[in-house]
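Participant: task: produce atomic coordinates for the following.
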Amino acid sequence: MNVSDIMSSPVFIMGPDEPVSHARNLMLKHKISTIVVVDDEKMMGILSQADLSRKLAQTEPVWRRRPIDKIPVSMVMTEDPITIYPEASISQAGNLMLENNINYLAVMKKGLVGIVTGTDIVRYVSKQDEQKFEKKVHEIISDEPVRIHRHHTINHAIEEMEKNNVEEVLVVDDAEKVVGLISVNNVALNIVPDADGKLPTKNVKMSRRPTSGAQRAYRYIKELPLVAEDIMSDIGTIVKWDDSAVDAAKLIVEENSKVLPVEKDSQIVGVIRRKDLIRIAQ
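Facilitator: You can find the predicted model right below:
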């Protein structure tokens, strides 16, 4: 099999002047993670969910001073994306993604003919016989997962993803128990800046005890930034420590996820990522 056998074609496209809000809506409606930006039939760039979440974490005026429906995708997209030809092997596509730390490649042959993503490669792995990919989950998961507290801000979550070059963080409570997961999906598709370009906040009722022994009463409302527990996904589907890599790939495809928690002895001990499965498709 080669790239043409697993790529998506035709692809979702947008013009460079169309708003980010439209891109976000397309991703939500069609459950896609990438959109090709085209101008006069020429590919200008690619916009991904990771691009959106990174931009949300930035504070430069050029981003924050505009609402999301006024920001053109050209300001957010990745320009001059890496390309591959349709006759290339799946192994070559996977290596390019891993070497360049990306999750998509534009497929070109006298113009754009499709796009191949990390999910496409994971779907390929999920359809293979377990004898071809004999490894177990614990043999292929890579580095330690990044953990943040449930009360950390969303900006902190995004900063930790950026600093550690990952697309997710595990959310823990005061007892260090994993209670949720935040991925770039949660950020890119759920966090929408307001008309002034500011990230959403929440109103919290604050209380004071006016006199000793008096009944607590609400006195005022305070506006606070959203925190991890406000947008995290609950720990639902999990991958077992001793599951096969093929079974893990099937779960990731079924859940339309980039990452799933890994459980051992009834404890969440790590995560399995798309790149872990891309690595074995060599």
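Participant: find the nearest non-adjacent residue to residue 249, please.
Facilitator: Spatial nearest neighbour of residue 249, excluding adjacent residues (C-beta to C-beta, 6 or more residues apart in numbering): residue 126 at 3.8 Å. Yep, even glycine has a C-beta here, placed from its N, CA and C like the rest.
Participant: please name the residues that touch that neighbour.
Facilitator: 246, 249-250, 252-253 (C-beta atoms under 8 Å, 6 or more residues apart in numbering).
Participant: please repeat the previous calculation with a cut-off of 10 Å.
Facilitator: 133, 245-254, 277 (C-beta atoms under 10 Å, 6 or more residues apart in numbering).
Participant: just residue 6 next, same as before
Facilitator: 90, 93, 114, 116-117, 119-121, 123-124, 127.
Participant: swap the cut-off to 6 Å and go again
Facilitator: Applying C-beta atoms under 6 Å, 6 or more residues apart in numbering to residue 6 gives the contacts 120, 124.
Participant: quick one: it from residue 107, how far?
Facilitator: 10 Å (C-beta to C-beta, to the nearest Å).
Participant: what do you get for residue 11?
Facilitator: 9 Å.
Participant: between the two, which is the more surrounded one?
Facilitator: residue 107 (23 against 19; other C-beta atoms under 10 Å).
Participant: where does the more buried one land in three-state SS?
Facilitator: strand (DSSP: H, G, I helix; E, B strand; the rest coil).
Participant: tell me the secondary structure at residue 155.
Facilitator: What three-state DSSP gives for residue 155 is helix.
Participant: residue nearest the centroid of this structure?
Facilitator: Most central in the chain under C-alpha atoms, centre = their mean is residue 184, positioned 2.8 Å from the mean C-alpha point.
Participant: what's the per-residue pLDDT of the nearest residue to residue 264 once chain neighbours are set aside here?
Facilitator: Leaving aside its chain neighbours, residue 264 sits nearest to residue 241 (3.8 Å; criterion: C-beta to C-beta, 6+ apart). At residue 241, the model reports a pLDDT of 95.
Participant: tell me the one of the contacts of residue 126 nearest residue 168?
Facilitator: residue 252 (12.1 Å; C-beta to C-beta).
Participant: neighbours of the closest one, how many?
Facilitator: Neighbour number of residue 252 under other C-beta under 10 Å is 26.
Participant: what packs against the host helix or strand of it?
Facilitator: Element membership for residue 252 (DSSP states H and E) is helix 245-254. Judged by 3 or more C-beta pairs under 6 Å, 6 or more residues apart in numbering; DSSP states H and E, helix 245-254 is in contact with helix 118-126.
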